[in-house]
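In: Quick check, what structure comes out for this input:
(one chain, ligands or ions: 1)
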Amino acid sequence: MRAVAVALTAALTLGAQASPSIPGGAERAYRALKDRVDGAQAMGVVRFMDADWRLAGNPGFNRSVDHISGLLRGAGLEPRVEEFPLRGKGWDYETGTVSFADSGEVLLSKARDRVSLCINSFSTDGEIEAPLVDVGAGRPADYEGKALKGAVVLGSAAAGSLWQQAVKQRGAIGVISTSIAAYIRPEDPSAFTAPDQQDVFQWGSVPYDETAKAFGFKASWRAASRMRERLKAGPLRVKVNVRSSFYDGPNRMVVAEIPGTIAPDQRIVMVAHIQEPGANDDGSGCGTLLALAIALQKAIAAKALPPPGRTLTFIWGDENRGSRAWLTAHPDQAKGVQYMFSLDMTGEDTSKTGGTFLIEKQADPSAVWPRPSDPHTAWGAGQVKASELKGSLLNDVHLAICLRRAKDTGWIVRTNPYEGGSDHTEFKSAGIPSLLNWHFTDRFYHTNLDRPDKTSPSEMVNVGVAVATSAYFLASADREDARAVTALLERAEADRLALEQRQDATAEILDAWRKWYAEARESVTALPVTR
Ligand SMILES: [Zn+2]
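Out: Numbering: from 1, shown residues only. Sure, this is the predicted structure:
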């Protein structure tokens with residue numbers, strides 16, 4: 001089933017990659033921008049952000065906010081830093097070490113593992129010593145008959161679940177979890193396919209709880225195996241030292257704009273998120289967005305492009321919460337948003353991470369009815385009802401522009417149906433056509449190994465050029481462009497209906513696509529910029 005789907009997608013992608021054709025206005029924008037997105041500049045942002053575990057309200061997050069706004073200001077854009085109330089607490093840590101009490105052998109530490117301490121872990125009072133107890137998988141029966149009060153509990157259940165069972169229910173002082181998504185590595189070490197699978201782990205969190213004042217760690221297969229090996233020989237004690245800090249807001253975001261000259265109240269919005277510790281997730285989205293914003297600014301300053309008719313808005317913030325705050329704080333501006341692009345995990349060096357570049361499409365019929373030609377990623381399907389679908393030109397225009405870039409560079413471009421989870425979800429909820437630029441599966445997603453060596457400057461340039469071209473085009477299109485977009489949509493509809501015939505679509509699905517494309521063609525009427 002999966003193999004069939006992949007073959008069909010490849011056929012579709014290759015067919016489309018062979019014949020890119022974009023409207024004249026998009027081609028002019030592409031030529032003005034294609035050599036102006038600076039990959040080294042984007043990579044500089046990735047490296048800067050990689051120094052910190054960014055969480056809204058913490059000093060590392062705020063350093064990224066200040067760094068990005070400083071770079072924008074230096075390039076002649078006029079960024080605003082907007083503040084809104086922080087939900088919960090900001091958090092960071094200085095020390096998070098677990099070692100064997102007898103030998104002193106260090107199992108987990110900030111120096112080695114960087115993100116192994118769970119978010120919301122409280123400080124221990126200096127170095128403390130406690131028994132280590134293994135609950136294996138951490139199913140309810142695994143806790144029975146074990147002395148967990150005052151212990152550190154090791155298990156492969158999620159950190160939050162171990163914390164609930166061991167700390168809240170049974171008085172443990174902390175937990176060590178090895179839970180990891182199957183697409184990062186298999187459970188069974190004999191099935192490992194790369195040496196780094198012994199050392200990889202996914203960072204996590206435990207609930208903020210002022211009464212329990214507990215801690216959690218995430219551990220690699222190697223660290224957990226070492227502990228389990230010693231436990232086989234009998235009872236074992238560990239030393240734990242945690243020094244962490246909590247912060248009260250505010251939550252902050254950077255907003256920069258290139259004002260529209262004809263319809264400034266109409267906007268094309270692009271968003272990348274600052275929080276999380278990863279280089280690709282989402283240092284790369286932040287770096288790509290910065291480099292493309294500056295490329296647009298420079299192309300306009302050099303008169304390679306006229307200023308856009310609509311306003312281009314660039315936002316760097318706290319994923320989803322920042323977008324929601326911006327939409328709520330600026331209801332008039334929110335009403336004028338025409339299209340939105342999310343940039344999350346845009347920099348993957350796919351030779352190391354796996355999965356290709358993906359456009360996660362605005363929800364179309366493939367998000368409602370599973371289609372062999374449109375497989376979901378390992379991230380999983382979102383919940384979309386047929387009644388929610390509203391066709392627009394966004395998916396096909398952005399895909400065509402990405403494929404225009406691919407024609408020049410051999411970039412691999414694929415799409416996936418709407419799944420949701422990043423900033424585009426917030427704009428979707430506000431009724432705004434929006435899509436996500438990302439890469440998946442990334443076998444370092446949310447792990448200790450999502451570092452700058454997994455990030456590719458040229459991949460960021462590809463994404464940056466494509467998003468800048470699409471955004472500028474949507475902000476500047478004229479009537480002739482609109483006619484070209486209509487033709488592009490007619491071709492896309494014919495291709496889609498032919499494909500669906502080949503993959504035995506029901507009448508209901510064919511009708512859903514016809515309705516989608518009728519609405520998409522209708523959306524072209526509002527494309528030319530008018531006062
Ligand atoms: Zn992300």
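In: For the rest of this, base every contact and every neighbour count on C-alpha atoms.
Out: Will do.
In: Would you check that Ser366 makes contact with His376?
Out: No: counting by Cα atoms under 8 Å, Ser366 does not reach His376; the two are 9.3 Å apart.
In: Flag every residue of the stretch 151-300 of the chain that's near the ion.
Out: Asp281 (Cα under 5 Å from the ion).
In: Quick check: which ranges of the stretch 151-300 of the chain have low pLDDT?
Out: The model of the stretch 151-300 of the chain has no residue with pLDDT under 70.
In: Point me to the residue of it nearest the ion.
Out: The minimum distance from the stretch 151-300 of the chain to the ion, using Cα to the ion, falls at Asp281 (4.6 Å).
In: show me the contacts for that residue.
Out: Asp281 makes contacts with Asp344, Met345, Tyr445, His446, Asp450, as judged by Cα atoms under 8 Å, 6 or more residues apart in numbering.
In: distance of the fourth one from Thr525?
Out: By that I understand His446. His446 sits 42 Å away from Thr525, going by Cα to Cα, to the nearest Å.
In: more neighbours, those two?
Out: His446 (24 against 12; other Cα atoms under 10 Å).
In: If I look at the more buried one, what pLDDT would I see?
Out: Looking at His446, its pLDDT reads 98.
In: Disregarding residues adjacent in the polypeptide, which is nearest to the residue nearest the centre of the chain?
Out: Nearest residue to the geometric centre of the chain (Cα atoms, centre = their mean): Asp344, 3.4 Å. With sequence-adjacent residues excluded and distances taken as Cα to Cα, 6 or more residues apart in numbering, Asp344 is closest to Gly285, at 4.9 Å.
In: Contacts only, for the closest residue in space to Tyr143 that isn't next to it in sequence.
Out: Closest residue to Tyr143 apart from its sequence neighbours, by Cα to Cα, 6+ apart: Val135 at 6.1 Å. Contacts of Val135 were listed using Cα under 8 Å, 6+ apart, and they are Asp142, Tyr143, Val153, Leu154, Gly155.
In: Show me how far the helix or strand where Thr425 lies is from its chain's centre.
Out: Here Thr425 sits within helix 423-429, counting by DSSP states H and E. Helix 423-429 sits 13 Å away from the centroid of its parent chain (Cα atoms, centre = their mean, to the nearest Å).
In: can you check stretch 116-133 too?
Out: Relative to its parent chain, stretch 116-133 has a centroid offset of 30 Å by Cα atoms, centre = their mean.
In: try stretch 172-184
Out: So, by Cα atoms, centre = their mean, the centroid of stretch 172-184 is 21 Å from its chain's centroid.
In: Please list the residues outside it that contact it.
Out: Stretch 172-184 is contacted from outside by 148-159, 162-163, 166-167, 197, 201-202, 212, 214-221, 224, 378, 441-445, using Cα under 8 Å, 6+ apart.
In: 6 Å instead?
Out: Applying Cα atoms under 6 Å, 6 or more residues apart in numbering, the external contacts of stretch 172-184 come out as 148-159, 166, 202, 214-219, 443.
In: of all the residues in the stretch 301-450 of the chain, which ones are close to the ion?
Out: Residues of the stretch 301-450 of the chain lying near the ion (Cα under 5 Å from the ion): Asp344.
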